[in-house]
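Q: need a 3D model of the following:
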Amino acid sequence: MVPGMAAASSYFPRACEIASGLSYDTVIELILANGLSRVPNRAQTTEAGLALVQ
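A: Residues are numbered from 1 along each chain as shown. I've put the predicted structure just below:
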């Protein structure tokens, strides 16, 4: 099951904002960084905390 991620109407980013003060963009960045960090030997973290695949 995948939570809704629409910026204007989704409950998941809104819940993250209420619970932790995270913006929509920060929630997306964290999800991407977490997912990419699971790719063996291909993830590299930038200064902004984002993981990039080479």
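Q: what about residue 7, which helix or strand?
A: Per DSSP states H and E: residue 7 is located in neither a helix nor a strand.
Q: quick one: residues contacting it.
A: Taking CB atoms under 8 Å, 6 or more residues apart in numbering, we find residue 7 in contact with 13, 24. For glycine as for every other residue, the C-beta is placed from the backbone atoms N, C-alpha and C.
Q: if we go to 6 Å?
A: Each residue near residue 7 by CB atoms under 6 Å, 6 or more residues apart in numbering is listed here: residue 24.
Q: separation between it and residue 13?
A: Going from residue 7 to residue 13 by CB to CB, to the nearest Å gives 7 Å.
Q: now do residue 35
A: 16 Å.
Q: could you do residue 29 as well?
A: In this structure, residue 29 and residue 13 are separated by 12 Å, where distance is defined by CB to CB.
Q: neighbour count: the two, which is higher?
A: More neighbours sit around residue 13 than around the other of residue 29 and residue 13, counting by other CB atoms under 10 Å; the figures are 23 against 16.
Q: make sure the more buried one is indeed in a helix.
A: Yes: assignment of residue 13 by DSSP: H, G, I helix; E, B strand; the rest coil places it within a helix.
Q: pretty sure it sits against residue 28.
A: No: between residue 13 and residue 28 there is no contact under CB atoms under 6 Å: 8.0 Å.
Q: the helix or strand where residue 31 lies: how far from the chain's middle?
A: Element membership for residue 31, per DSSP H and E: helix 24-37. Averaging C-alpha positions (CA atoms, centre = their mean, to the nearest Å) puts helix 24-37 2 Å from its chain's average.
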